[in-house]
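A.B. asks: what would the 3D arrangement of this be:
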Amino acid sequence: MLFLATSVVAVITANAQNYYFAASQQDYSDLENPTSINNGEVWDYNIFNEVEIPFDFSVNGEIVSRFLFDDDFFVLLTPEADYFESEEGVYYISTSSIYMQDRTYSSGVSSSPISYTISGAEGNRILKLEIKNAGLELADENGLDEDEYYLSYQVWLYEADNAIEFRYGDHNITNIEIATDGEPLFAGFGNPYSVNIVYGNIFTPQYGEFTEDTLPLGTTLSEYPSNGTVYRFAPAEVAGIPVVQKQTVSLYPNPATHTLTIKSDSYTEGVYTVTDITGKIIMQNSISSGNTQVNVESLTSGMYFLNINNNHIKFLKK
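C.D. replies: Okay, the predicted model is just below:
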């Protein structure tokens, strides 16, 4: 795995989370008129030049100012980081642990462009990074044609709230063992000391924030995410302002059958999550001033927790 060695088992508490995680399905489109990073060069273990991020952006509370592509993943760098000298200030962004290369590497003619675009007005810009039509690095040694498998994905960085999104495009990845050389498959970002990762069943993925001493053994995704899958990582706090300003949140009715109402005397716009008793995120959405309605009709009967910042409120679904 490119961040940490999978070694020991532990659990991280919800209160320590820096991000709220949500999975959804949205239409996937290739970037339009992007700026090339590899400029037609075939790639495998290549490192391509650093590019300045045109707006303030932070990862786990640390400002990053540049990005590059190295081997299988994008990398974000703090202003002081020297990628070739130290791992300090380096954040790896990986939508999967698959070993990739240019799909037509041996021909010397690239068919797998690496590129980016910047969209939106100042204050609401999105930096969009893309790998298109990549192949598998391990195809040849497994007796496959070089262009047997393919995949495309994008990483979006949001200026407005420092959110990160992984967007998965078309692919035909069916053999995870070959794609990862037998290593666990999971998506995430982080550095050699801590990671934010998605794992488990791709239809009900789990999210965790771990250190090198607490990453669970064998953490893996069940499959490569399907075309149109979006994994969103939204900071738990925006600009240092807690989602909830006062501990005055209540829910009604409780137990609930169809709709649950969040009521608070004072909270800012932000995000809530609903988790089951194991801590798995079931749903996530935004809240705003006043009462917020949560549709719980699709939940199975049982106990759940609604989480807003440091408020963790138990409710029952009939």
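
A.B. asks: okay, helices next: where are they in the stretch 101-250 of the chain?
C.D. replies: Assigned by DSSP state H, counting those that start in this stretch, the stretch 101-250 of the chain shows helices spanning 176-180.

A.B. asks: please enumerate the strands of it.
C.D. replies: Assigned strands in the stretch 101-250 of the chain, in chain order: 114-119, 126-136, 151-158, 164-171, 187-190, 194-199, 206-211, 229-235, 249-252 (criterion: DSSP state E, counting those that start in this stretch).

A.B. asks: strand partners of the last one, parallel vs antiparallel please.
C.D. replies: When you say that, I think you mean strand 249-252. strand 259-264 (antiparallel) (DSSP bridges).

A.B. asks: same question for the partner strand, mean pLDDT?
C.D. replies: The average of the pLDDT scores along strand 259-264 is 83.

A.B. asks: other residues contacting the helix or strand just after that strand?
C.D. replies: Remark: after strand 259-264, the chain's next helix or strand is strand 270-276, criterion DSSP states H and E. Residues from elsewhere that reach strand 270-276 (Cβ atoms under 8 Å, 6 or more residues apart in numbering): 14, 20, 22, 234, 236, 238, 243-244, 262, 281-287, 292, 294, 296, 299, 302-309. (Each C-beta comes from the backbone N, C-alpha and C, glycine too.)

A.B. asks: over to stretch 103-119?
C.D. replies: The contact list for stretch 103-119 (Cβ under 8 Å, 6+ apart) reads 31-38, 40-44, 48, 51, 54, 67, 69, 101-102, 125-135, 146-147, 150.

A.B. asks: distance between the ends of it?
C.D. replies: 28 Å (Cα to Cα, to the nearest Å).

A.B. asks: so for that stretch, what gets flagged as buried?
C.D. replies: Of all the residues in stretch 103-119, those buried under the rule 16 or more other Cβ atoms under 10 Å are 103-105, 110-116.

A.B. asks: between the residues you listed, which is nearest A179?
C.D. replies: R103 (13.4 Å; Cβ to Cβ).

A.B. asks: just give me how far stretch 90-97 sits from the chain centre.
C.D. replies: Centroid displacement of stretch 90-97 relative to its chain, using Cα atoms, centre = their mean, to the nearest Å, is 9 Å.

A.B. asks: stretch 193-204 too?
C.D. replies: In terms of Cα atoms, centre = their mean, the centre of stretch 193-204 is found 8 Å from the chain centre.

A.B. asks: could you do stretch 23-34 as well?
C.D. replies: The answer for stretch 23-34 is 15 Å, by Cα atoms, centre = their mean.

A.B. asks: so what would you say the end-to-end distance of it is?
C.D. replies: Termini of stretch 23-34 sit 26 Å apart (Cα to Cα).

A.B. asks: what do you get for stretch 129-146?
C.D. replies: Stretch 129-146: ends 24 Å apart by Cα to Cα.

A.B. asks: any chance you could list what contacts that stretch?
C.D. replies: By Cβ under 8 Å, 6+ apart, stretch 129-146 touches 30-31, 34, 44, 67, 72, 74, 93, 98-106, 111-117, 147-157, 169, 178-179, 181.

A.B. asks: in ChimeraX, how would I select just the buried ones from those residues?
C.D. replies: Remark: buried members of the contacts of stretch 129-146, expressed as a ChimeraX selection using 16+ other Cβ under 10 Å:
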select :31,34,67,72,74,93,98,99,100,101,102,103,104,105,111,112,113,114,115,116,147,148,149,150,151,152,153,154,155,156,157,169,178,179
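
A.B. asks: quick one: Q293 is in a strand?
C.D. replies: Yes. Assigned with DSSP: H, G, I helix; E, B strand; the rest coil, Q293 falls within a strand.
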